[in-house]
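A.B. asks: below: sequence and its predicted model.
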Amino acid sequence: MMETLELDAVVIGGGVVGLAVARALALAGHEVTVLEAESRLGSHTSSRNSEVIHAGIYYPNGSLKARLCVAGKERLYRYCAEMGVPHQRVGKLIVATRDEEVVALDGILEKASDNGVGDLEWLEARQIAELEPSVKAVGGLLSPSTGIIDSHEFMAALRRDAEAHGAQVALNSPLQSGEVLESGGFELRVGGGEPFTARCRTLVNAAGLTAQNVARSLRGLPPATIPRQYFAKGHYFTLSGRSPFRRLVYPVPVPGGLGIHVTLDMSGQARFGPDVSWIDGIDYAFDESRAASFYTAIRTYFPALSDGALTPGYTGIRPKLSPAGSPADDFVLQGPVAHGVPGLLNLYGIESPGLTSALALADLALET
Ligand SMILES: Cc1cc2nc3c(=O)[nH]c(=O)nc-3n(C[C@H](O)[C@H](O)[C@H](O)COP(=O)(O)OP(=O)(O)OC[C@H]3O[C@@H](n4cnc5c(N)ncnc54)[C@H](O)[C@@H]3O)c2cc1C
């Protein structure tokens, strides 16, 4: 018979959010085990994103996204400095390429200020040309607190930190199913090469794109509390050669995403994306035919983009809670008050700015 391990706190999912929660639980004195289905941490959304430290500009005032992004950004800059995580406060331009778009910048400025991001600066076309000579715009905003981060190094630091406080990470350990025990706590069945069963007192579901599947596999959790799930894929193309940009450059946002923008990785490589396409399941296939729409979108603010300069990069998938055409939902942190199961926290819809928010979100997770 398989032995049943007795564990204290279990976090399902070794992405940036699961690791940040594991670290926070470990710092709070819990004995934490992270169960990660894949052979590497952060194999899904946490390594398929823009790696931008967002300022907290666009989100509805008072939303968790706004609050956790603004608080998480400062925490993240401090944490990166303390733990030696590569990052850079490069700043970002939001540019209007037509006079009709300038009014949208007004709205962005107001929303940012409501969210506590008071450092945006108005730029005239001439100032943009000085800062980023290859960008064509009629006006814009500069966000000096936006930055970039090496997300893999961030996850490695969270893991080191959590392990230094007693946490353990089990790779190749997919949760297959679980049960809410009447006596309190949970019984978990874990698959992989060396399957095992375990009991724990505290359970955090940070399974990202499959958080709803994990929740559905927990017998005793009321199914009506599990939100619907939707997926919106984004493609990234990289720019061959040296980047002509020193900052991130974003057009004014489009429904469902932030528009095809320029980001830089820590090596200075420029990449464009992500676009938005709604899909039925988790499928990272790259659709190269999207290149045409990228060239068109990018040339509105970077007219010198030459034919053939874009190379297919990678895709990422946003865990959405509403279908195409609906306004973006907020992060959902569902604790016992919402679902009635003591000791269980489900995290749903942790799309952007989840990377920026991770440390602040982890603190809130402990209070939920
Ligand atoms: C295209 C795109 C661009 C983005 N850009 C940014 C950005 O620039 N800045 C920003 O702040 N945010 C950004 N985000 C958001 C950010 O990437 C996510 O919020 C964050 O990575 C989510 O982390 P996570 O840990 O919740 O999920 P994930 O990284 O998906 O981790 C979940 C983990 O759970 C594991 N898992 C799943 N099921 C099980 C199971 N049954 N048992 C065990 N393990 C399991 C998975 O293998 C996975 O490793 C972006 C997102 C996308 C999609």
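C.D. replies: Happy to help now that I have it.

A.B. asks: what sits against whichever residue of the stretch 101-250 of the chain sits closest to the ligand?
C.D. replies: Proximity of the stretch 101-250 of the chain to the ligand (C-beta to the nearest ligand atom) peaks at Gly208, 2.6 Å away. C-betas here are computed from N, CA, C, even on glycine. For Gly208, the residues meeting the contact criterion (C-beta atoms under 8 Å, 6 or more residues apart in numbering) are 13, 15, 17, 44-46, 319, 350.

A.B. asks: if we go to 10 Å?
C.D. replies: Counting by C-beta atoms under 10 Å, 6 or more residues apart in numbering, Gly208 makes contact with 12-18, 42, 44-46, 214, 282, 317, 319, 347-351, 354.

A.B. asks: you'd agree Ala211 is up against Leu175?
C.D. replies: No: with contact defined as C-beta atoms under 10 Å, Ala211 does not count as touching Leu175 (11.1 Å).

A.B. asks: hey, what's in contact with both of these two?
C.D. replies: Between them, Ala211 and Leu175 share these contacting residues under C-beta under 10 Å, 6+ apart: 12-13, 205.

A.B. asks: burial measure for Gly166, as a count.
C.D. replies: Here the neighbour count serves as a burial measure; for Gly166 (other C-beta atoms under 10 Å) it reads 14.

A.B. asks: now swap in Arg48 and tell me
C.D. replies: Arg48 is surrounded by 19 other residues when neighbours are defined as other C-beta under 10 Å.

A.B. asks: helix, strand, or coil at the residue nearest to it when sequence neighbours are not counted?
C.D. replies: When the adjacent residues along the chain are set aside, Arg48 lies closest to Gly316, with 3.3 Å between them (C-beta to C-beta, 6 or more residues apart in numbering). When classified by DSSP: H, G, I helix; E, B strand; the rest coil, Gly316 comes out as strand.

A.B. asks: Ala156 too?
C.D. replies: Classification of Ala156 into helix, strand or coil gives helix, according to three-state DSSP.

A.B. asks: residue contacts, it?
C.D. replies: Neighbour list for Ala156: 19, 41-42, 83, 85, 150 [criterion: C-beta under 10 Å, 6+ apart].

A.B. asks: what's the PyMOL line that selects buried ones from these?
C.D. replies: Provided next is the PyMOL selection string for whichever of the contacts of Ala156 are buried by 16 or more other C-beta atoms under 10 Å:
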select buried, resi 19+41+42+85+150
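
A.B. asks: the ligand: which of the contacts of Ala156 is nearest?
C.D. replies: Distance ranking of the contacts of Ala156 against the ligand, using C-beta to the nearest ligand atom, places Gly42 first at 5.5 Å.

A.B. asks: tell me the pLDDT of the nearest residue to the closest one once chain neighbours are set aside.
C.D. replies: Once flanking residues are discounted, Gly42 sits nearest to Met155: 4.7 Å by C-beta to C-beta, 6+ apart. Note on Met155: pLDDT of 98.

A.B. asks: okay then, goodbye and thanks.
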